[in-house]
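Chemist: My questions concern the predicted model and sequence given below.
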Amino acid sequence: MREPLIFEQSRAGRGALLQAPTPVPPSPDLPASLLRSDVPPLPEVSELQVVRHFTRLSQQNFSIDTHFYPLGSCTMKYNPRACNRLAMLPGFLARHPLEPEAHAQGVLECLFELQEWLKAVTGMAGVSLTPMAGAQGEFAGVAMIDAYHRARGDHARRQIIVPDAAHGTNPATATMCGLDVVEIPTNAEGDVDLDALRAAVGPATAGIMLTNPSTLGVFERRITEIAAIVHEAGGLLYYDGANMNAILGQVLPGAMGFDVVHINLHKTFSTPHGGGGPGAGIVAVNQRLEPFLPVPMVGQRDGRYAWLTERERPQSIGRLSAFMGNTGILLRAWVYMRLLGAEGMRRVSAYAVLNANYLLARLRDAGFTVAYPGRRASHEFIISLKDVARDTGVTAMDFAKALLDRGVHAPTTYFPLLVPECLLIEPTETEAQDDLDRFVEALVEIRALARRDAAEVKRAPRTTPVGRLDDVRAAKQLDVTWQSRRAPAA
Amino acid sequence: MPFIPHTDREVAAMLATIGAGSLDELFDEIPPALRNAPLTGVPAGLNEAGVARIMQARAARNVPATCFLGAGAYDHHIPAVVWELATRGEFYSAYTPYQAEASQGTLQLIYEYQSMMAGLTGLDVSNASLYDGATAFAEACLMAVRASRRPGARRILVPRYLSPAYRRVARALLKGQGLELTDLPVRDGRTDTAALESVATDGVAAVVVMQPNFLGSLEPADALTDWAQARGALVIGACNPTALALLKPPGQWGTRGADIACGEGQPLGIPLASGGPYFGFLACRSALVRQMPGRIVGGTVDGEGRPGFTLTLQAREQHIRRTKATSNICTNQGLMVTAATIYLSLLGPVGLRRVAEACHANTRELAATLSRCPGVTVPFRPFFHEAVVQLPVPVAPVLARLAAGGILGGYDLSADFPELGHALLVCATEQRTPEEIAAYGTALAAALDAPAMAAAG
């Protein structure tokens, strides 16, 4: 049943005024020319109406807490409740970001330790926690590479090399930093084409952006050679930590030859995805990029924890957030890492990779086409449904929608762009074998239905609050506010 | 094992299915020389009770204080409902609503949020949020440059009393694209409209009006908007969202209204939490929507004509446009927007206006109280919920004394704005009681009176 918009439930004169402060007389200081003359279009509803409305809306979501969510490249693993509870202790929430350091020693200690632990898991010399999402971590990484070359007077290095399999954020980030993107191909086995790389590097190379394991779900086996080629050409290597869950505690990005790493704490370190954020995209660097890390960072001074700012770090690329990034998310990651410890972290990658390879083996045995059959899966893998699509007309998107009716969130579809009709499947380490088996059964069942009655698959989903939505209409007849429905803009 | 459900039997069966002899063998494509991650310095795992003990102790080591500090983050009451609902697992542990049919809750909520923010700013369209106020400001500048009718215009005129945090973040984020911020002339704590004639406007893509500005002062937004638009520049309004219930919103400034509005969403139900996570809001006229970065949710229908919601205008975004995207942003601050939408629903138009009025009244009371201390003046009026207080002595030691007595006395302006002298920025939200305000007055008088201070001054 459709949940009415909160505005449709509003009645003038009703309100949760218990929540508002006592009224005060109008201020003589404020001239009418500065004041608002109309009533802003906010709803007037009771507290109970608010509770029911947002509870009902929540029930229209798939989430990790309610469904298997094998969304490739997103690492949708269980978000431990303790992380949320402890980060939301009143002693952490009631902290003004500009309070004196002496008042904030508890939170600063957590942030300092988190920096140290993240150095250890990346094999790097310095960490800044401020980037508020993966895309900001990428920005910080590329901006540091740029700053490094400029500091050496090497102004010709304006090119960032990006493999064609990369996430779209990589090239978008390079552009934001004012650099040019050079794309290089991937070979049939899923590795970077080394000849193409050799041809691409030169005196204009600022660096390369790589994800390893790559977005194709396989480990870049010749990473040491790649690092040598790029370094010999004078460029630096940026590690997109999107897939860190596959190697946590097994391989250090620093040992692979990377100069800068970003890690999505909302993936590997299980902070919440929150319906699309807030994330945290911390950056870790080796010695040569250390002076350029974004501020603020946390250091120690006179036996106390202290902020490190532009004053102590004059070569910093500067600030990426108004205060200290998404501190509350950083505290959740601290709790998660402390619960797991070093051994727990190694188990994360071991069992994430076990689950992925098990699922891969089961689907291959069930006759699905694996995109890179000769390869070991990392924490995720790709199947291609192009044969099914050719034979029945049922596409990867149809499979995705049919999975929703079987109580599974769809895997990532049509990414990476290199593999036709693909599903990128990432089960994560927190799913049990039974859940993986049910997923295999669901895909087998959908394929059987596709062969029998393709039209029926294309009618999916039928159990969700709405069926497939008209995206073209959404973009053409733009309806992005309730006000526009009542009084369509001219 | 923490958060891993596998039994030994299952592991053995799964390895057999894979055809591997051990978990270790699953990493056999990684060159052996690289297989060494000692994780030195990471402690051993600890159970939940043990970790809770550490966190409770650290939370208790943080010192509580009465907050008269604003400067971009504000201590407002957050109704219990807000986070009880926002941390429901169905919101907390969902991802970006790419599969619209399985995400109608998040999508409808964002649509309601967009409606509320468009209404509050008086503009047509809002996106689904950005990281924080400072990044929303930087993105607003980039958006204005893209939308400018002046080819090659890369200059943005900003108020002298722009938030220093916005200025620093904009510098870091915009440098790569060659944008340049230039200050407007000031007088009496606000932009000086009488001096605008001398301002060169060639190559200017946009003029920023911050209302209230960083000093809490109210800017002549109508005059600035008309002046800027008459010179072919777009107008960006940087706003406090609480103030929007009381003050004229950007969409109503001047003859035509501002073109873009942005700001920090933290006052709308988000805890201070040492600086984040917060969220930034960004709204604009409908003509500019295709230049807007970030996610946007739109209404549509399904195959049977039932109404629903989906992400729309995705052709602007990085996963499709790659190097030509409007921004590299992938996420919004979904959970923060969930909280803000619940907060705004609970307060409604009357409640939010009352919060704004109470903040303003408390800050007037605070300014009056503090100006009774010898040598203390309040130079700039009118203000919203922050005011500049000029002290007879340097600010930093006074703040240190107040802090030692459990009062966060405000923000020392002398580093960012040395021309203001011994200037302190104070704030009293609706949370501050008359007793707390009186106690601040007493404490300030004592701090100024102390012999040590006299020596320092």
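Modeler: Okay, I see it.
Chemist: hang on, residue A:383 is in a helix, isn't it?
Modeler: No - applying DSSP: H, G, I helix; E, B strand; the rest coil, one finds residue A:383 to be strand, outside a helix.
Chemist: Run a quick neighbour tally on residue 293.
Modeler: Here I'm looking at chain A. 24 (other C-beta atoms under 10 Å in any protein chain shown). C-beta here means a position set from N, CA and C on the backbone, and glycine is covered the same way.
Chemist: hm, I was asking about chain B
Modeler: Neighbours of residue B:293 (other C-beta under 10 Å): 24.
Chemist: what about it, is that helix, strand or coil?
Modeler: Of the three states, residue B:293 takes coil according to three-state DSSP.
Chemist: Could you measure from it over to residue A:311?
Modeler: From residue B:293 across to residue A:311, the span is 32 Å (C-beta to C-beta, to the nearest Å).
Chemist: pretty sure residue B:395 contacts residue B:422?
Modeler: Yes - using C-beta atoms under 8 Å, residue B:395 makes contact with residue B:422 at a distance of 5.5 Å.
Chemist: Are there residues contacting both of the two? Which ones?
Modeler: When contacts are counted by C-beta atoms under 8 Å, 6 or more residues apart in numbering or on different chains, residue B:395 and residue B:422 have residue B:414 as shared neighbours.
Chemist: So for those two, which residue has more residues nearby?
Modeler: Taking other C-beta under 10 Å, residue B:395 and residue B:422 do not tie; residue B:395 has more neighbours (22 against 19).
Chemist: who's in contact with the more buried one?
Modeler: Applying C-beta under 8 Å, 6+ apart, the residues near residue B:395 are B:412, B:413, B:414, B:422, B:423, B:424.
Chemist: try residue B:262
Modeler: Each residue near residue B:262 by C-beta under 8 Å, 6+ apart is listed here: B:133, B:136-137, B:139-140, B:236-239, B:280-283.
Chemist: Filter the contacts of residue B:395 down to the ones in helices?
Modeler: Using DSSP state H to define helices, no part of these is located there.
Chemist: With pLDDT as new columns, can the residues you listed be given to me in CSV?
Modeler: Formatted as CSV, the contacts of residue B:395 follow (pLDDT from 0 to 100):
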residue, pLDDT
B:412, 98
B:413, 98
B:414, 97
B:422, 98
B:423, 98
B:424, 98
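Chemist: Near chain A, list only the ones from the contacts of residue B:262.
Modeler: Contacts with chain A within these, counted by C-beta under 8 Å from any C-beta of the partner chain: residue B:133.
Chemist: The stretch 201-350 of chain B: helices as residue ranges?
Modeler: Assigned by DSSP state H, counting those that start in this stretch, the helices in the stretch 201-350 of chain B fall at B:221-230, B:318-321, B:334-370.
Chemist: what do you get for the stretch 351-457 of chain B?
Modeler: Here the stretch 351-457 of chain B has its helices, by DSSP H, counting those that start in this stretch, at B:395-404, B:434-449, B:451-456.
Chemist: Any chance of these in CSV with mean pLDDT as columns?
Modeler: Listed next are the helices of the stretch 351-457 of chain B as CSV, based on pLDDT from 0 to 100:
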stretch, mean pLDDT
helix B:395-404, 97
helix B:434-449, 97
helix B:451-456, 53
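Chemist: Quick check: which of those is buried the most?
Modeler: helix B:395-404 (a mean of 19; mean count of other C-beta atoms under 10 Å in any protein chain shown).
Chemist: Where does pLDDT dip in the chain?
Modeler: Because you didn't say which chain, this covers chain A. Within chain A, the stretches with pLDDT under 70 are A:16, A:487-490.
Chemist: Please refer instead to chain B.
Modeler: For chain B (pLDDT under 70), the answer is B:318, B:320, B:451-457.
Chemist: Let me see the contact set for the spatially most central residue of it.
Modeler: Relative to the mean C-alpha position of chain B, the nearest C-alpha, by C-alpha atoms, centre = their mean, is the one of residue B:264, at 2.5 Å. By C-beta under 8 Å, 6+ apart, the contact list for residue B:264 reads A:322, B:72, B:73, B:132, B:133, B:134, B:136, B:240, B:241, B:278, B:280.
Chemist: Could you pull up the residues touching the last one?
Modeler: Each residue near residue B:280 by C-beta under 8 Å, 6+ apart is listed here: B:129-137, B:139, B:262-265, B:333.
Chemist: which residues in the stretch 101-250 of chain A form strands?
Modeler: Here the stretch 101-250 of chain A has its strands, by DSSP state E, counting those that start in this stretch, at A:126-128, A:159-163, A:180-184, A:205-210, A:236-240.
Chemist: from the ones you listed, which stretch is densest packed?
Modeler: Stretch with highest mean neighbour count among the strands of the stretch 101-250 of chain A: strand A:236-240 (a mean of 29; mean count of other C-beta under 10 Å).
Chemist: That one to strand A:205-210, inter-axis angle?
Modeler: Using axes from the mean of the first three to the mean of the last three C-alpha atoms, to 10 degrees, the inter-axis angle of strand A:236-240 relative to strand A:205-210 is 20 degrees.
Chemist: Point out the other helices and strands that strand A:236-240 packs with.
Modeler: Secondary-structure packing of strand A:236-240 (3 or more C-beta pairs under 8 Å, 6 or more residues apart in numbering or on different chains; DSSP states H and E): helix A:134-151, strand A:205-210, helix A:223-232, strand A:260-264.
Chemist: in the longest one, what counts as buried?
Modeler: Spelled out, that is helix A:134-151. The neighbour-count check on helix A:134-151 (16 or more other C-beta atoms under 10 Å in any protein chain shown) flags A:134-149 as buried.
Chemist: what does stretch B:33-44 give?
Modeler: B:34, B:37, B:39, B:42.
Chemist: Can you get me the start-to-end distance on stretch A:154-163?
Modeler: 24 Å (C-alpha to C-alpha, to the nearest Å).
Chemist: ok, back up a step: can I get the helices of the stretch 201-350 of chain B in TSV with mean neighbour count and distance to chain A?
Modeler: Listed next are the helices of the stretch 201-350 of chain B as TSV, based on neighbours: other C-beta atoms under 10 Å in any protein chain shown; distance: least, C-beta to the nearest C-beta, whole Å:
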stretch	mean neighbour count	distance to chain A
helix B:221-230	21	7
helix B:318-321	18	4
helix B:334-370	25	3
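Chemist: Which of those helices sits closest to residue B:436?
Modeler: helix B:334-370 (9.3 Å; C-beta to C-beta).
Chemist: Give me the sheet partners of the biggest strand by length in chain B and which way each runs.
Modeler: In chain B, assigned by DSSP state E, the strand with the most residues is strand B:204-211. When pairing is defined by DSSP bridges, strand B:204-211 lines up against strand B:155-158 (parallel), strand B:234-239 (parallel).
Chemist: Contact partners for the residue nearest to residue A:138 when sequence neighbours are not counted?
Modeler: Leaving aside its sequence neighbours, residue A:138 sits nearest to residue A:173 (C-beta to C-beta, 6 or more residues apart in numbering or on different chains; 4.2 Å). With contact set as C-beta under 8 Å, 6+ apart, residue A:173 has these partners: A:135, A:138, A:139, A:142, A:209, B:328.
Chemist: let's see it at 7 Å
Modeler: Applying C-beta atoms under 7 Å, 6 or more residues apart in numbering or on different chains to residue A:173 gives the contacts A:135, A:138, A:139, A:142, B:328.
Chemist: for residue B:450, same thing?
Modeler: The contact partners of residue B:450, by C-beta under 7 Å, 6+ apart, come to residue B:401.
Chemist: follow-up on the earlier one: among the buried residues of helix A:134-151, which pair sits farthest apart?
Modeler: Longest span within these, C-beta to C-beta: A:134 and A:149, 23.3 Å.
Chemist: Can you pull the residues of the stretch 151-300 of chain B lying near chain A?
Modeler: B:165, B:168-169, B:171-172, B:176-177, B:218, B:222, B:244-249, B:264, B:271-277, B:286, B:289, B:295-300 (C-beta under 7 Å from any C-beta of the partner chain).
Chemist: Buried among those? Make that a ChimeraX selection.
Modeler: Buried residues within these, by 16+ other C-beta under 10 Å, are selected in ChimeraX with:
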select /B:165,168,169,171,172,176,218,222,244,245,246,247,248,249,264,271,272,273,274,275,276,277,286,289,295,296,297,298,299,300
